[in-house]
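A.B. asks: Okay, sequence plus prediction incoming.
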Amino acid sequence: MSRPIVAIVGRPNVGKSTLVNRIAQTSDAIVHQSRGVTRDRSYHVADWNGREFMLVDTGGIEPMKSDDVFATSIRDQALAAAEEAAVILFVVDGSVGATEEDESVARMVRKLKKPTFLLVNKLDNPARENDSLWEFYSLGVGDPVAVSALHGHGTGDLLDEVVSLLPEDAGDEDDEPDTLRVAIIGRPNAGKSSLFNKMIGNDRSIVSNIAGTTRDAIDTVVERDGKRYRMVDTAGIRKKSTVYENIEYYSMVRGLRAIDRADVALLVVDASAGVTEQDQKVANLAIERGCALVVLLNKWDLLKDDYEREAVMETVDRRLTMAPWAEYLRISAMTGRSVHKIWDMVDAAAERRASHITTSQLNKLLTDMREFGHTVSDGKRRLKMHYVTQTGEKPPAFTFFVNHTDLVSDNYKRYIENRMRATFDFKGTPIRLRFRAKKSDKDKE
């Protein structure tokens, strides 16, 4: 499901990242008492009273005449985030009053005509907060709201108002229950647009050998053999440190949101370069969001001999260890080699992602695993798995009831997943394993 975006903007060192950590209940945003620590934007899933949204932390906006060589790109990224946002949180520092830099940010925000909250941060004494608010009315972006990102004061009431302004979830998922959503993802210049055009049969996307040509996510509904597919050709997802142009940042956000909505992700890899670290990160984004995954090794026709082909497959084995279950296909979007096979792979991956395993089948596997005898122990404590049932799908999720959840190590989770995949056909889809405490009568004694 696509989440609405809430952008946090302001000049450097006003406490934006601290506010991000407070709202998202995380410590991912780097907090430091110096200007410019946040240069690239970062995004975090936040939830308030069951309403999820994407919180975007932007770099500190400085005047155009700033000596900081990154100032222009930071400003562009912040502007792009604000343009995409449903709600803007404009943060200022209540301990120093309104500054010229705040006025510069205010001018930018006013032009956007978006719902905006002016947050006067660092007012840690609620009894005296009104003394510092009046001068911020001069910024012309509405009533100032006193908050303390450090202590959390005022954030609860703020979030009540923010979520009340968020748009309802887009209804295309519900309006098209039989439409399979497919996101074409990957690094810039891997051949995504060429593949998109070949699959849908016309030149809907601009094809160019310039990285980042695709500026937006383009949806096209395709009907094939009685099935409907919503194809999304996303902009190339670039390394954060190289996304400077605001329009490219906007594209990357849209690409991530496309992955959020997708049932199946087609990871397009430039075979002439092999699977790179960036391909690995893009694959992880899709897996984390529960997409089925098909890996397409594009430009296979450019490889000259078996040595080059083996070298590419070595990068697949080395870089995609997080998804050994993903199927891959050697293709050429330019010549059309094997492109027709992608549809069947998409259908199969989507079907497995929606699969349901009966409780009796799952517990038969559990009995077999007990007889095999492989378990985990810690002193006198020994892990016992009592029962398992499927508790979710798209992707499949399974809950195991065990006596001691803290004994379930990462290695043991991998062992269980491998046994499940060897027993059931989950090729092409991630699965989720959860563990809950359930004591047997013997454990209670």
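C.D. replies: Everything's here; your move.
A.B. asks: since we're on residue 367, how many residues are nearby?
C.D. replies: Residue 367 has 9 neighbouring residues, counting by other CB atoms under 10 Å. For every residue, glycine as well, the C-beta is placed using N, CA and C.
A.B. asks: Please point out which parts of the host helix or strand of it sit buried.
C.D. replies: Residue 367 belongs to helix 359-372 when elements are defined using DSSP states H and E. Using 16 or more other CB atoms under 10 Å as the test for burial, helix 359-372 gives 362, 365, 366, 369.
A.B. asks: residue contacts, the third one?
C.D. replies: In other words, residue 366. Shown in contact with residue 366 (CB atoms under 8 Å, 6 or more residues apart in numbering): 385, 387, 388.
A.B. asks: ok, back up a step: got the CA positions of the helix holding residue 367 in PDB?
C.D. replies: C-alpha atoms of helix 359-372 as PDB (Å, rounded to 0.1, in the frame of the first residue of the first chain):
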ATOM      1  CA  THR A 359      -2.100 -26.200   9.400                       C
ATOM      2  CA  SER A 360      -2.000 -30.000   9.100                       C
ATOM      3  CA  GLN A 361       0.700 -29.800   6.400                       C
ATOM      4  CA  LEU A 362       2.700 -27.300   8.500                       C
ATOM      5  CA  ASN A 363       2.500 -29.400  11.700                       C
ATOM      6  CA  LYS A 364       3.400 -32.600   9.800                       C
ATOM      7  CA  LEU A 365       6.600 -30.700   8.800                       C
ATOM      8  CA  LEU A 366       7.100 -29.700  12.500                       C
ATOM      9  CA  THR A 367       6.800 -33.400  13.500                       C
ATOM     10  CA  ASP A 368       9.400 -34.400  10.900                       C
ATOM     11  CA  MET A 369      11.700 -31.600  12.200                       C
ATOM     12  CA  ARG A 370      11.300 -32.900  15.800                       C
ATOM     13  CA  GLU A 371      12.200 -36.400  14.700                       C
ATOM     14  CA  PHE A 372      15.300 -35.100  12.900                       C
END
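A.B. asks: show me what contacts residue 297?
C.D. replies: Residue 297 makes contact with 269, 271, 312, 316, 328, 329, 330, 331 under the criterion CB under 8 Å, 6+ apart.
A.B. asks: show me where the stretch 301-445 of the chain has strands.
C.D. replies: For the stretch 301-445 of the chain, applying DSSP state E, counting those that start in this stretch gives strands covering 327-330, 377-378, 381-382, 385-392, 397-402, 432-437.
A.B. asks: now do the stretch 51-200 of the chain
C.D. replies: 51-57, 87-93, 116-121, 144-146, 179-185.
A.B. asks: what about residue 425, neighbour count?
C.D. replies: If we define neighbours as other CB under 10 Å, then residue 425 has 12 of them.
A.B. asks: which one is it nearest to, not counting chain neighbours?
C.D. replies: residue 352 (6.0 Å; CB to CB, 6 or more residues apart in numbering).
A.B. asks: Tell me which residues touch that neighbour, please.
C.D. replies: Neighbouring residues of residue 352 by CB under 8 Å, 6+ apart: 292, 425, 426, 427, 428, 429.
A.B. asks: Please apply the same query to residue 331.
C.D. replies: Residue 331 makes contacts with 195, 296, 297, 298, 300, 337, 338, 339, 341, 342, as judged by CB under 8 Å, 6+ apart.
A.B. asks: Residue 121 bridge partners, please.
C.D. replies: residue 93 (DSSP bridges).
A.B. asks: That one is in contact with residue 145, isn't it?
C.D. replies: No. In this structure, residue 121 is not within contact of residue 145 by CB atoms under 8 Å, at 9.7 Å.
A.B. asks: quick one, which of these two is more surrounded?
C.D. replies: Higher neighbour count among residue 121 and residue 145: residue 121, with 23 against 20, using other CB under 10 Å.
A.B. asks: hmm, who's touching stretch 320-328?
C.D. replies: For stretch 320-328, contacts defined as CB under 8 Å, 6+ apart pick out 267, 275, 280, 283-284, 287, 293-297, 316, 345, 348-349, 421, 426-430.
A.B. asks: Oh, that last question was meant for stretch 100-109, not what I typed.
C.D. replies: The contact list for stretch 100-109 (CB under 8 Å, 6+ apart) reads 9-12, 61-63, 79, 82, 88, 90, 92, 116, 136, 138-141.
A.B. asks: In helices only, show me those residues.
C.D. replies: Members of those lying in helices (criterion: DSSP state H): 79, 82.
A.B. asks: thinking again about what came up before, can you tell me which one of the contacts of residue 331 sits lowest on pLDDT?
C.D. replies: Taking those together, the minimum pLDDT is found at residue 195 (91).
A.B. asks: Can you report how many residues neighbour it?
C.D. replies: Counted with other CB under 10 Å, the neighbours of residue 195 add up to 27.
A.B. asks: measure it to residue 382 for me?
C.D. replies: Distance of residue 195 to residue 382, computed by CB to CB, to the nearest Å: 51 Å.
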